[in-house]
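Asks: Give me coordinates for this.
(one chain, ligands or ions: 1)
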Amino acid sequence: MQRITTKLLQPVEWQSDARCHEVDPEIFFPERGGSSKAARAVCNDCPVRNQCLEYALNNKEQFGIWGGTSERERRRLRRERTRRTLRAVS
Ligand code: SF4
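Replies: Residues are numbered from 1 along each chain as shown. I've put the predicted structure just below:
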């Protein structure tokens with residue numbers, strides 16, 4: 001419940017257009033091994049998906065589906081960005 005409350009209270013303007021306001025927030029926090037299919041379907045149709053994903057990446061959101069990605073997928077994206085940044089400066 002804490003995780004959901006935290007997500008819903010983020011004071012960022014793009015969230016007013018978020019599709020997840022229209023559905024049960026529980027689907028964005030599936031149990032370990034549970035399906036994220038319903039949440040991803042909502043994200044796929046969300047006009048602020050890119051902003052949501054950037055927000056989650058920048059804030060290192062550890063729980064739930066953000067921008068259609070899981071925690072694991074966001075960790076991988078952050079690692080890839082870090083590698084690209086390091087390559088660019090070396
Ligand atoms: S991309 Fe998904 S989690 Fe993000 S605002 Fe849209 S519906 Fe919500």
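Asks: My read is that residue 20 contacts residue 29, right?
Replies: No - checked against C-beta atoms under 8 Å, the pair residue 20 and residue 29 is beyond contact range at 11.0 Å. All C-beta spots, glycine's among them, are computed from the backbone N, C-alpha and C.
Asks: The two: who's more crowded?
Replies: residue 20 (21 against 16; other C-beta atoms under 10 Å).
Asks: OK, contacts around the more buried one?
Replies: Residue 20 makes contacts with 28, 39, 42-43, 46, as judged by C-beta atoms under 8 Å, 6 or more residues apart in numbering.
Asks: and residue 39, how many residues sit next to it?
Replies: 23.
Asks: who touches it in this structure?
Replies: Contact analysis of residue 39 by C-beta under 8 Å, 6+ apart lists 20, 27-28, 30, 64-65, 68.
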